[in-house]
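# sequence and predicted structure, then a few things I'm wondering about:
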Amino acid sequence: MSVDTVARTRRRANVRRRMPRHRVREAIDGYLFIAPWLVGFVFLVSGPMIASLLMSFTEWDLLSSPRWIGLANFQQLFSDPLVGKSLYNTAFFTFFSVPLNLAAALGAALLLNLRIRGRSVFRTAFYLPAIMPAVANAILWFWILNPEVGLANLLLRRFGLPELRWLEDPATAKPAFILMTMWGIGNSMVIFLAGLQGVPQSLYDAALVDGAGAWQRFRAVTLPMLSPVILFNLVLGIIGSFQIFTSAYLLTQDGGPEQSTLFSVLYLYRLGFEQFRMGYASAYAWLLFLVIMVFSLVQLGMSRRWVYYEGGDQR
Amino acid sequence: MIALVKRGLLYVFMAALGIVFLTPMLWLASTSLKEQGQVFAYPPVFVPDPVRFANYLDAFARAPLFVWLTNTITITVFALIGTLLTCSLVAYGFARLRFPGRNVLFVLLLSTMMLPDVVTLVPQFVLFKSLGWVDTFLPLIVPSFLGGGAFNIFLVRQFYLTIPRDFDEAARLDGASNWRIWWHIILPLSRPVLIAVGIFSFVFHWNDFLAPLIYLQSEGNKTLALGLRAFISPTDASWNISMAASMFLVIPVLLVFFVAQRSFIRGVVMTGIQGR
């Protein structure tokens, strides 16, 4: 027996001594309890991620066997005009819809936080559109935005405003989607509302004593106290809006006029599940993944400057 | 006096906002009950006259709604069972049991919460295709039995950390195994969190469109959400029938919301789910 093996046996004996029988049983139970997630993690998350990375170096239509083509897919990504177009569309949509939705959700939450009668009725009314099934929503908006008979143009006509072509015009197609998402602020609104109710009244009282007006109280008390919730909604909003798919697919399956509503996941879907270019689709998925990660990390990094955490200096 | 006027204006503003939010939904409901002629009436008619319930029957004649509804219910029920059962199991493991590597694995679990699912879309399809599961319900159900999503596990685990350990220690001294403790002590105490998780996985699977679109192909296997797509057509002018058909998807979600409104709102706060 070499010295090395002796040491190893002794170490193993040590481990065993440190882990009495019931602890061993506990550990076995622990692995068994988390086994469903562990299996899912291997087969549905980490495995597919590795597979996706490998696939991105191949050309594969699912019928013949995959062919290794190195970095060709990534080179093509940068010359494919639809990649640029779809990333631009998605970024445009995110850039306008996320801040607009956040502001609207915060505004609605502030209103609901006032001491008024029938608050739960108003809350329900503001919240309800958020649980509308996407397909029902699409059927509804397909008709609302219909240039000839839709509700949107009826209202514009009523108020003597010029009518729009909505989803048929590249200039208004993306704004139409941004407008549509404004009805779905319910979830962020409820989260803001919970955050607002957690702001201690004593801070407002103190601000009042100091003679602060409504706007100053909002700036100096509400916003800083709410900033972690704002960050939470912001990051979730960005990740969500980068993945806009269902409404775009249902309303403008072909990508809309001049591909103006070809959003990233819509293009990814087309590449993978209509053209069966699995390798190229995987490469695009990785590009999108990196973009989302960078955006989220930048947000988290910048948040150090404006998010206030109670009970501790984060820096 | 000024305060009173201000108050009045506030109510008017809130009511106007409420109407703006509810108009699309009310319009959906109202159109689903209109006669064909009234759908395009100008100025628009808000209350249908006469009320035509037959649109709902016409919708059934137009598409295999009953089959789609059955499929949707089947998938949702199984996915719900899987999610509730396994996310609670996994959460118990992370909250109560000590095993080597637990912290590393938990961090791994947390990091998957940030992962956008687009990266795994294509390879998951390849996996399920090679298993021969495409055009079956399995790709829509089985993942729910594998933990039911990182966020749900995290949520339930946080809840379990608030349950005093004395409860399970007492049972353990009486010789109860972890499985018995989980089933007889922890599970009955987890009603609030499981209701929240349950409501949201119900809404998610009921409304889900992308996964059925990718995995279900034959007409007889479609879910309601997927099938309803056929009602979006630029050439079809029978909007009243389309709206009636989509009410079959909307009504159950509304029912769940109104029956469990308190848990629902609490659940939003807990889970912070975000629509897409």
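Alright, I've got the coordinates. Computed from a predicted model, the values in this text were never measured in an experiment.
# what residues sit buried inside the helix or strand containing residue A:291?
Secondary-structure assignment from DSSP states H and E places residue A:291 in helix A:278-306. For helix A:278-306, a neighbour-count test (16 or more other Cβ atoms under 10 Å in any protein chain shown) marks A:278-289, A:291-292, A:295-296, A:303 as buried. For glycine as for every other residue, the C-beta is placed from the backbone atoms N, C-alpha and C.
# which of these are close to chain B?
With Cβ under 8 Å from any Cβ of the partner chain as the criterion, the buried residues of helix A:278-306 include A:278, A:281, A:282, A:285, A:286, A:288, A:289, A:292, A:296 near chain B.
# could I get the residues you listed in TSV, plus columns for distance to residue A:108?
Output for these, formatted as TSV (distance: Cβ to Cβ, whole Å):
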residue	distance to residue A:108
A:278	43
A:281	38
A:282	40
A:285	35
A:286	37
A:288	31
A:289	32
A:292	27
A:296	25
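# between those, which sits nearest residue A:245?
Proximity of these to residue A:245 (Cβ to Cβ) peaks at residue A:288, which lies at 11.7 Å.
# the closest one is in contact with residue A:264, isn't it?
Yes - the criterion here is Cβ atoms under 8 Å, and residue A:288 meets it with residue A:264 at 5.3 Å.
# what is in contact with these two at once?
Common neighbours of residue A:288 and residue A:264, using Cβ atoms under 8 Å, 6 or more residues apart in numbering or on different chains, are A:87, A:242, B:118.
# inside helices: which ones of those?
Counted as lying in helices by DSSP state H, out of the shared contacts of residue A:288 and residue A:264, are A:87, A:242, B:118.
# using TSV, lay out these together with distance to residue A:190.
Listed next are these as TSV, based on distance: Cβ to Cβ, whole Å:
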residue	distance to residue A:190
A:87	31
A:242	22
B:118	26
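# from these, which shows the smallest pLDDT?
Minimum pLDDT across these is recorded for residue B:118, with 85.
# residue A:289 is in contact with that one, correct?
Yes - using Cβ under 8 Å, residue B:118 makes contact with residue A:289 at a distance of 6.8 Å.
# mind listing the shared neighbours of these two?
Between them, residue B:118 and residue A:289 share no contacting residue, judged by Cβ under 8 Å, 6+ apart.
# ok, residue A:291 to residue B:122 distance?
Plainly put, residue A:291 is 17 Å away from residue B:122 if you go by Cβ to Cβ, to the nearest Å.
# mind picking the two most distant members of the ones next to chain B among the buried residues of helix A:278-306?
Longest span within those, Cβ to Cβ: A:278 and A:296, 26.3 Å.
# list the buried residues of the helix or strand that residue A:38 is a member of.
Residue A:38 belongs to helix A:21-40 when assigned by DSSP H and E. By 16+ other Cβ under 10 Å, the buried positions in helix A:21-40 come out as A:26-27, A:29-38, A:40.
# same thing with stretch A:97-110?
So for stretch A:97-110, counting by 16+ other Cβ under 10 Å, buried means A:97, A:98, A:101, A:102, A:104, A:105, A:106, A:108, A:109, A:110.
# quick one: which of these is nearest chain B?
Chain B has its nearest neighbour among the buried residues of stretch A:97-110 in residue A:108, at 7.4 Å by Cβ to the nearest Cβ.
# helices along the stretch 101-250 of chain A, start to end?
A:119-127, A:134-144, A:151-158, A:170-181, A:186-197, A:201-209, A:214-217, A:223-242, A:246-251 (DSSP state H, counting those that start in this stretch).
# quick one: find the helix or strand in chain A with the lowest mean pLDDT.
Ranked by mean pLDDT, DSSP states H and E, the helix or strand of chain A with the weakest confidence is helix A:3-18, at a mean of 56.
# tilt between the helix or strand harbouring residue B:5 and helix A:119-127?
Taking DSSP H and E as the criterion, residue B:5 maps to helix B:2-31. Counting by axes from the mean of the first three to the mean of the last three Cα atoms, to 10 degrees, helix B:2-31 lies at 50 degrees to helix A:119-127.
# helix B:2-31 near chain A anywhere?
Yes - interface with chain A: helix B:2-31 contributes B:10-11, B:13-14, B:17-18, B:21-25, B:27-28, B:31 (Cβ under 8 Å from any Cβ).
# of those residues, which is the most crowded?
Counting neighbours by other Cβ atoms under 10 Å in any protein chain shown, residue B:31 comes out on top of the residues of helix B:2-31 next to chain A with 25 neighbours.
# what's around residue B:66, how many residues?
Other residues close to residue B:66 by other Cβ under 10 Å number 10.
# CA atoms only: put stretch A:85-99 into PDB for me.
What follows is stretch A:85-99, C-alpha atoms only, in PDB (Å, rounded to 0.1, in the frame of the first residue of the first chain):
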ATOM      1  CA  LYS A  85     -33.900  43.500 -38.600                       C
ATOM      2  CA  SER A  86     -35.300  41.100 -36.000                       C
ATOM      3  CA  LEU A  87     -32.900  42.200 -33.300                       C
ATOM      4  CA  TYR A  88     -33.600  45.900 -34.100                       C
ATOM      5  CA  ASN A  89     -37.400  45.200 -34.000                       C
ATOM      6  CA  THR A  90     -37.100  43.500 -30.700                       C
ATOM      7  CA  ALA A  91     -34.800  46.200 -29.200                       C
ATOM      8  CA  PHE A  92     -37.200  48.900 -30.400                       C
ATOM      9  CA  PHE A  93     -40.200  47.100 -28.900                       C
ATOM     10  CA  THR A  94     -38.300  46.600 -25.600                       C
ATOM     11  CA  PHE A  95     -36.900  50.100 -25.500                       C
ATOM     12  CA  PHE A  96     -40.400  51.700 -25.600                       C
ATOM     13  CA  SER A  97     -42.700  49.100 -24.100                       C
ATOM     14  CA  VAL A  98     -40.800  48.300 -21.000                       C
ATOM     15  CA  PRO A  99     -40.400  51.800 -19.600                       C
END
